[in-house]
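Peer 1: need a structure here:
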Amino acid sequence: MADNTSVLVVEDEPAIVELVKYSLREAGWDIRTADTANGAWDSISHGKPDLVLLDWMLPDQSGLRLLSRLRADRDFQEIPVIMLTAKSMEEDKLAGLNTGADDYVTKPFSPRELLARSRALLRRKSPHLSEAPLRAGSVVLDPNSCTVSVDNAQIEIGNAEYKLLKFMLAHRERVFSRAQLLDKVWGDHAVIEERTVDVHVLRLRKALKSADGLIRTVRSVGYMLSEK
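Peer 2: Sure, this is the predicted structure:
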């Protein structure tokens, strides 16, 4: 999805909010939060998000009631909504879907599953937000299928190397220090040392095979992706 995709997370548990932010960080989306149904409505009224991740249980009213309100409003009824719920009973899931939820994720959920479901829903409901493939030389990275190919052949690539390549493709011809790459690619939550960046760069070059020359070392500074 495009980098300006906005997601509203409606959840009152700070730990879950942080997990959701961490889950979606890789996509580079704009994340807004609200911890009550009324706060969520105010946020949506001030700027319609592309996706809402909605907790079932909220302090002021249920997420189901907020969902009903959204679906009854002509301006907001098309917003894609994924319910976040600790309820795993089939009747509860059916109640959410019957009220208008597009999908649901049962807590505890995996970050990768949440991101995959969010991407799939946005592709289905908002195809205009789909990301175009990123290209450099013979390398093509498709954000929608999370695949990388070199000379039209798909390659095996680790998750960390995939994120690093995606960032560098989006910022080609720019030099980044190891510290900047740590911050931009792995973020504040990562427990990783600067020299580990060198390891991931090495692995990325190995994965790219004949296209490894795209990743340049800039002496005493860091790394860049360049076709020149």
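Peer 1: C-alpha only now, for contacts and for neighbours.
Peer 2: Noted.
Peer 1: quick one: low-confidence parts of this structure?
Peer 2: 1-4, 87-90, 92-93, 127-131, 187-192 (pLDDT under 70).
Peer 1: okay, now the domains of it?
Peer 2: By the assignment in automatic domain parsing, the chain contains the domains 6-129, 134-225.
Peer 1: Now mean neighbour count too, for those domains, in CSV please.
Peer 2: CSV is the format used below for these (neighbours: other Cα atoms under 10 Å):
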stretch, mean neighbour count
domain 6-129, 17
domain 134-225, 16
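Peer 1: now the helices: where do they sit in the chain?
Peer 2: 14-25, 37-46, 63-72, 90-99, 111-125, 159-170, 178-181, 194-208 (DSSP state H).
Peer 1: Tell me which of those sits nearest to Glu227.
Peer 2: Nearest to Glu227, of all the helices of the chain, is helix 159-170, at 10.4 Å by Cα to Cα.
Peer 1: Out of the helices of the chain, which gets nearest to Val221?
Peer 2: helix 178-181 (8.0 Å).
Peer 1: Who are the packing partners of the closest one?
Peer 2: helix 194-208 (3 or more Cα pairs under 8 Å, 6 or more residues apart in numbering; DSSP states H and E).
Peer 1: How far off centre is the helix it packs on?
Peer 2: Helix 194-208 has its average C-alpha position 22 Å from the chain's average C-alpha position, going by Cα atoms, centre = their mean, to the nearest Å.
Peer 1: Let me know the angle separating it from helix 159-170.
Peer 2: Per axes from the mean of the first three to the mean of the last three Cα atoms, to 10 degrees, the angle that helix 194-208 makes with helix 159-170 is 80 degrees.
Peer 1: and the end-to-end length of stretch 70-86?
Peer 2: 22 Å (Cα to Cα, to the nearest Å).
Peer 1: can you list contacts of it?
Peer 2: 48-57, 96, 99-108, 118, 121-122, 125 (Cα atoms under 8 Å, 6 or more residues apart in numbering).
Peer 1: Filter the residues you listed down to the ones in strands?
Peer 2: With DSSP state E as the criterion, strands contain Leu51, Val52, Leu53, Leu54, Asp55, Asp103, Tyr104, Val105, Thr106 from among the contacts of stretch 70-86.
Peer 1: Let me have those in CSV, extended by distance to Val197.
Peer 2: Formatted as CSV, those follow (distance: Cα to Cα, whole Å):
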residue, distance to Val197
Leu51, 33
Val52, 34
Leu53, 32
Leu54, 36
Asp55, 36
Asp103, 37
Tyr104, 36
Val105, 33
Thr106, 34
